[in-house]
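Colleague: need a structure here:
(chains A and B)
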Amino acid sequence: MGSLEALIIQIQGLSSSAGDISRLHVILKQSEDSLRAESTRLSAVLNELDPSTHSLGYLYILEACTSAPISKEQATTLVPYIARFISYCVPEQIGVVPDKFISVCKRLKDQVLLLGTPIRGVAPMLTAVRKLQHSSEHLTTLHPEFLLLCLLAKCYKTGLSILEDDISEVDQPRDLFLYCYYGGMICVGQKRFRKALELLHNVVTAPMSTINAIAVEAYKKYIMVSLIHHGQFSTSLPKYTSSVAQRLLKNYCQPYIELATSYSTGKIAELEAYVQTNREQFESDNNSGLVKQVVSSIYKRNIQRLTQTYLTLSLQDIANTVQLNSPKEAEMHVLQMIQDGEIFATINQKDGMVRFLEDPEQYKTCEMIEHIDSSIQRMMALSRKLTTIDEQISCDPLYLAKAGRERQRFDFDDFDTVPQK
Amino acid sequence: MEPEDSPSRPLIDEIHSNGDIEGPSRSKRPIIRSGEQLDVEAYASLYQGRTKIMRLLFIADHCEGNPGMRLEALRMAYEEIKKGENTQLFREVVQKIDPKMGLNYGMDSAWCEMVDRRAEQKKEKLENELNAYRTNLIKESIRMGYNDFGDFYYAHGALGDAFKSYVRTRDYCTTSKHIIHMCMSAILVSIEMGQFTHVTNYVGKAEQSSEALDPITASKLRCAAGLAHLEAKKYKLAARKFLEAGPELASHYNEVIASQDVATYGGLCALASFDRTELKHKVIDNDNFRNFLELVPEVRELINDFYSSHYASCLDYLGNLKANLLLDIHLHDHVESLYDQIRNKALIQYTHPFVSVDLRMMANAFKTSIAGLEKELEALITDNQIQARIDSHNKILYARHADQRNATFQRVLQTGSEFDRDVRSMLLRANLIKHEYNLRASRKL
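Modeller: Predicted coordinates:
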């Protein structure tokens, strides 16, 4: 009894300066076991602490009291505590023990899932991600947890906010795999296929020494998103892909590769028959929704192909060539595509003709110039970054030790020639 | 319809006259109708030896629905075989001949037996001779012996053995003449066997020989090479080879190919694969080849029509020729693809100079329906062979001019975003590799 009270007093007293914090840290570490032993009484103690000033102590106690398996009722009381803590805690104090913070956040996720209300975890988790990362390029372990909650709560838009950051620092490869995989799914949910393709591509081509389930599932989705977005899929992966992925991924995704082959023929009936016969397979992979989008995208693809060859074409002819049932249906498709900016055309309802136009973009507007300018700025920033990283790597002792071992000690070129006057 | 460069009246008239054959220019040049039906006898008289029999049998096998022609071909083949010694082929032909044709063309077992017996004797004699030569080690005689064996097998239809025997003479060749003789024999047998890779091989060998080839042999070799390319569907190479054949060929190679065939094969392959300048330069202005073309006026006319853009009459000629070409032992497999290529070429050439083309007029010129023409054009546009778009409502084809400026902008933006994406994912991968490397290094410590 006494020890806990003493600890609380110490937490209250030692939470102001940096020196105090590190002293407190030592004390807390020593009393970790005793805290766990008293986990049942801890929730009452939490009220005596302020999460914004006593973040470190609060974190330890919270961690201890969530360490034991938790029932639904306990979760109902604990979730608000954790959420409040996350939104008020101070990043400097949390930064001392990131592991503890991560495990508390993970437990928050488990608890909201246990309660069946993933949406309650979304906002705290986003705050947690922001507090944990030291720059926007840093990928934390909480990123994939956050995206998973977004997926389950169907808050795709919130998920996108984090996906827009460029990340380049990774703690754990597994985090990156999951981050890209969940991120890809969120982008698919928002129909941002380009971004989705990029993320899934990152998973598939990431360096890996053994094949993993995340990569296999990502490859399946990659095939389908590629069909929807580009209308084609090539089975050859870029040469920087790890050799295991190049060798084995195809074997695990045979039905999807056949789907792509069937798609490439452009015959709708054939594709639909194939999807029908393999429906169970797609359903068991939870991919039937994407497969349906693949099938509907082939109509669009065929209509788009018509714009290349025709200037005007009657709705009836479109229906015939694209194998739609009626001109009415063709009209709906064309209308939808015009709306989405996928084709440029006008429909003349009087005689049922569609007039395909060229892309009206003349690259003369202010917006376009701004867009081009911002792209140029981005490229320049990127290439500057590339140069700095190149310099960093060429100064990295580890790299130099490895590279030096592999080649001759001195090349003739290593000596700078004396400038001739 | 408005021509891009010179919208003068005469040209327009000319184009209109594409459509109807009864136009003014047409009356001066009446269409040469090749006989609706192939004149088997005249055709067969162009050839001699085994190819004559094989060609006749080919006709008999492929002229369904024309029993008269079939009988005629079989009858001539029967007579031709009787002049030779190939009993195997004889039995096959007799089986094909309807017994109703009369006793004259029935099974002649007495003849067969006699020929077979004589063949046995001759083979024995040749073997004895060859053994004698071999023990004496007289190179020239051994060569002759093998050569005789080749001739013997060839006459009796054992092509594989004939080929082997001819090739065996190679070790005993002493002069380049002998080598050429060996090559020519090997080529002949390979063509009969349908082994066209051998043909290419031996043509190459013969052409490498040190001595200059006499014009006849050179032409023969070119024809053989042309056939080999044709068989491999390399129409452009085939056309070049046939075009190089000299008029000295005449009927010297009629155990394989007649001059008329050189004209037809060469002409059609050239039409299908050459562009306009090459066609003019290598075919129409080619004095050598003109001699060949004179033999088959239909082909000459259709090439000229094609060049002067009278597509309707050109296609007419092609249509008339088709039935007979399908009965040609070498060309029949390629007729369809050659015709398709010629037609596509014609369509492309027709649309090339115009900003807009009236599909009705074009359909008229190509003797097809508008819907059919649209389908053909669609395929060509999708294939990027014609840069144009179809106005299906007004039935007009508009040429499409790429907007360089917009295309450049588009490409620049696209390249930029690709670079962006690639660099970012590369940095990410570099980071992962570094992470893995650090991990391994720390494990080692």
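Colleague: center of chain A, which residue is that?
Modeller: Among the residues of chain A, the smallest C-alpha distance to the mean C-alpha position (CA atoms, centre = their mean) belongs to A:Gly183, namely 2.4 Å.
Colleague: residues in contact with that one?
Modeller: Listed by CB atoms under 8 Å, 6 or more residues apart in numbering or on different chains, the contact partners of A:Gly183 are A:Leu147, A:Gly159, A:Leu163, A:Ala196, A:Leu199. From N, CA and C alone the C-beta is placed, and that goes for glycine too.
Colleague: pretty sure B:Leu318 is touching B:Tyr339, no?
Modeller: Yes. Counting by CB atoms under 8 Å, a contact exists between B:Leu318 and B:Tyr339, whose distance comes to 6.3 Å.
Colleague: now A:Lys190: how far from A:Ser297?
Modeller: Let me fix one detail, which is that residue A:190 is Gln and not Lys. When distances are taken as CB to CB, to the nearest Å, A:Gln190 and A:Ser297 turn out to be 16 Å apart.
Colleague: could you check the pLDDT of the residue nearest to the centre of chain A?
Modeller: You'll see A:Gly183 listed with a pLDDT of 94.
Colleague: before we move on, back to that, tell me which of B:Leu318 and B:Tyr339 has more neighbours.
Modeller: Each of B:Leu318 and B:Tyr339 had its neighbours counted (other CB atoms under 10 Å in any protein chain shown), and the higher figure belongs to B:Leu318 (24 against 19).
Colleague: for the host helix or strand of the more buried one, packing partners?
Modeller: Take DSSP states H and E as the rule and B:Leu318 turns out to sit in helix B:311-325. Taking 3 or more CB pairs under 8 Å, 6 or more residues apart in numbering or on different chains; DSSP states H and E as the contact definition, the neighbouring helices and strands of helix B:311-325 are helix B:9-19, helix B:259-273, helix B:297-307, helix B:335-351, helix B:359-365.
Colleague: how about CSV for those, with mean pLDDT and distance to chain A added?
Modeller: Rendered in CSV, the data for the helices and strands packed on helix B:311-325 read as follows (pLDDT from 0 to 100; distance: least, CB to the nearest CB, whole Å):
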stretch, mean pLDDT, distance to chain A
helix B:9-19, 42, 22
helix B:259-273, 89, 24
helix B:297-307, 88, 25
helix B:335-351, 89, 13
helix B:359-365, 87, 12
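Colleague: hang on, the earlier thing: widest-spaced pair of the contacts of A:Gly183?
Modeller: The two members of the contacts of A:Gly183 with the most space between them (CB to CB) are A:Leu147 and A:Ala196, at 12.6 Å.
Colleague: quick one: find the helix or strand in chain B with the lowest mean pLDDT.
Modeller: Taking mean pLDDT, DSSP states H and E as the measure, the helices and strands of chain B show their lowest mean at helix B:24-28, namely a mean of 38.
Colleague: next, the contact list for the spatially closest residue to A:Pro98 that is not a sequence neighbour, please.
Modeller: Using CB to CB, 6 or more residues apart in numbering or on different chains and skipping the chain neighbours, the partner closest in space to A:Pro98 is A:Leu132 (6.4 Å). Taking CB under 8 Å, 6+ apart as the definition of contact, the neighbours of A:Leu132 are A:Pro91, A:Ile94, A:Pro98, A:Phe101, A:Ile102, A:Thr140, A:Leu142.
Colleague: sorry, back to before: out of the contacts of A:Gly183, the closest to chain B would be?
Modeller: Closest to chain B out of these is A:Leu199 (9.3 Å), distances taken as CB to the nearest CB.
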